[in-house]
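>>> show me the folded form of this:
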Amino acid sequence: MAVIKRSTKGAPLTHAEMDGNWDELIALALNAATKSGTTLSDTLTVNTDALVVRPGKNVSIGTTADYIYTVAGRALNISAAAGAVRLALRGATTADYTAIDFGGGAQRNAVIQATDTGNLTFLTNASAGTPSVTERARITGLGNVLVGSTVENTTDGNAKIQTANGIYLGNSANAAAKVLDWYEEGTFTPVAIGTTTAGTGTYTTQLGRYTRIGNRVFYTLTIGWSAHTGAGNLLIGGLPFTSHATGNNAPAGAVLADGLAVGTSKQLSTYVGSNSNQCRVNAIDLAGGALAGIPIDSTVSSMVISGHYEV
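Below you'll find the predicted structure:
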């Protein structure tokens, strides 16, 4: 309540009015006693809940509730009874940038910064105890995402994600049809195997390369041997992944061979069967006969095979 003056009332004050004046003056004196210069040592409330500043250094805007951390810390709590809540950081001119700076003491841990060119940049600190931060990623004004690079590709409008060092996938199989869950490049060592007796070979060439994209493995291999103890039909093993167990799901590959006995009017073919990491090498009868395996030769100068299969 306000202090009632006799001059304002135009009549002597009642006992109740005088008591009220004393209470108001005591409250004002106590409130003044909580301040030392510009230092606030008591809770300051502006316009009910427009701004509440507490001695614990927590600040609430739009609410009287105090945001409490589960661990020691300070908080800025912004709330609204209804509608959106907005935190606006604006410089004096269009050339000014705004930023949120995270850190402790002399160290800056990370910065989120909006530049005057419309970019939102993310910076982190790789050196403890220093104020230096380095840009790691940005969202450009055109909506592109750059990781590890500050140069935007504007010639290809579809290049929405651009990285300096490629994209790393965790390579964990995901059954969802629209999820790219695997990308891998590598090498493998192909081996010649007999279906009756696997045998061992003395190899002149063993080279295999593959790329796996999602559930599809693309491979190429070159193999040659000067001696082999295997028996039965020829298989080429050592592929990097085991194929899917579904039957009738074996696309044909291409084969080029030098020194392999195929037979008259025969054409080489290959495929990876279900639940296997081996290429079956077959001969197709050009006259329309049945598909048949090719016996393993003790010597083959070179075989080049390429194809793909599902895992």
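
>>> low-confidence stretches in the stretch 151-300 of the chain?
Applying pLDDT under 70 to the stretch 151-300 of the chain flags residues 156-159.

>>> please redo it, this time with the cut-off set to 80
By pLDDT under 80, the low-scoring segments of the stretch 151-300 of the chain are 153-160, 164-166, 170, 289.

>>> all strands of it, in order?
Assigned by DSSP state E, counting those that start in this stretch, the strands in the stretch 151-300 of the chain fall at 161-163, 183-188, 191-194, 201-213, 216-228, 234-237, 252-258, 266-272, 279-285, 292-293, 300-310.

>>> redo those strands as TSV? Include mean neighbour count and distance to residue 115.
Backbone N, C-alpha and C define where each C-beta goes, glycine included. Formatted as TSV, these follow (neighbours: other CB atoms under 10 Å; distance: least, CB to CB, whole Å):
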stretch	mean neighbour count	distance to residue 115
strand 161-163	13	17
strand 183-188	12	32
strand 191-194	22	57
strand 201-213	16	36
strand 216-228	19	41
strand 234-237	21	56
strand 252-258	15	52
strand 266-272	19	52
strand 279-285	21	55
strand 292-293	14	66
strand 300-310	19	45
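
>>> could I get those as a markdown table with distance to residue 105?
Converted to a markdown table, the strands of the stretch 151-300 of the chain look like this (distance: least, CB to CB, whole Å):
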| stretch | distance to residue 105 |
| --- | --- |
| strand 161-163 | 33 |
| strand 183-188 | 41 |
| strand 191-194 | 60 |
| strand 201-213 | 47 |
| strand 216-228 | 52 |
| strand 234-237 | 60 |
| strand 252-258 | 62 |
| strand 266-272 | 60 |
| strand 279-285 | 62 |
| strand 292-293 | 73 |
| strand 300-310 | 55 |
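
>>> between the ones you listed, which gets nearest to residue 2?
Closest approach to residue 2 among the strands of the stretch 151-300 of the chain (CB to CB): strand 161-163, 63.4 Å.

>>> what pairs with the closest one, parallel or antiparallel?
With DSSP bridges as the criterion, the sheet partners recorded for strand 161-163 are strand 145-147 (parallel).

>>> and the partner strand, how far from the chain's centre?
In this view, strand 145-147 has its centroid 11 Å away from the chain centroid, taken as CA atoms, centre = their mean, to the nearest Å.

>>> report the buried residues of it.
Buried residues in strand 145-147, counted by 16 or more other CB atoms under 10 Å: residue 146.

>>> next one: stretch 239-246
239-241, 243-244.

>>> and the furthest pair within those?
Maximum distance among the buried residues of stretch 239-246 (CB to CB): 14.3 Å, for 240 and 244.

>>> isn't residue 261 right up against residue 299?
No - Residue 261 is beyond contact range of residue 299, at 10.1 Å (criterion: CB atoms under 8 Å).

>>> tell me the mean pLDDT over stretch 140-147?
For stretch 140-147, mean pLDDT is 88.

>>> same question but for stretch 109-116, I mixed them up
Mean pLDDT, stretch 109-116: 90.

>>> can you list the neighbours in contact with that stretch?
Applying CB atoms under 8 Å, 6 or more residues apart in numbering, the contact partners of stretch 109-116 are 89, 94-103, 120-125, 133.

>>> at 6 Å what do you get?
Residues outside stretch 109-116 that contact it (CB atoms under 6 Å, 6 or more residues apart in numbering) are 95, 97-103, 120-125, 133.

>>> now do the buried residues in that stretch.
Using 16+ other CB under 10 Å as the test for burial, stretch 109-116 gives 111, 113-115.

>>> could you dump those into TSV with distance to residue 15 and secondary structure added?
TSV is the format used below for the buried residues of stretch 109-116 (distance: CB to CB, whole Å; DSSP: H, G, I helix; E, B strand; the rest coil):
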residue	distance to residue 15	secondary structure
111	63	strand
113	64	strand
114	62	strand
115	67	coil
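
>>> returning to that earlier point: the strands of the stretch 151-300 of the chain: which one's closest to residue 170?
Each of the strands of the stretch 151-300 of the chain has some distance to residue 170 by CB to CB; the shortest is strand 183-188, at 10.2 Å.

>>> off-centre distance for the closest one?
21 Å.

>>> angle of that strand against strand 201-213?
180 degrees (axes from the mean of the first three to the mean of the last three CA atoms, to 10 degrees).

>>> what's the angle from strand 183-188 to strand 216-228?
0 degrees.

>>> run me through the strand neighbours of strand 183-188, direction for each.
According to DSSP bridges, strand 183-188 forms sheet pairs with strand 201-213 (antiparallel).

>>> which other residues reach the partner strand?
182-190, 192, 217-228, 240.

>>> just list whatever residues bridge to residue 163.
When bridges are called by DSSP bridges, residue 163 pairs up with residue 147.

>>> typo on my end, residue 61
residue 78.

>>> that one touches residue 77, doesn't it?
No - with contact defined as CB atoms under 6 Å, residue 61 and residue 77 do not form a contacting pair (7.1 Å).
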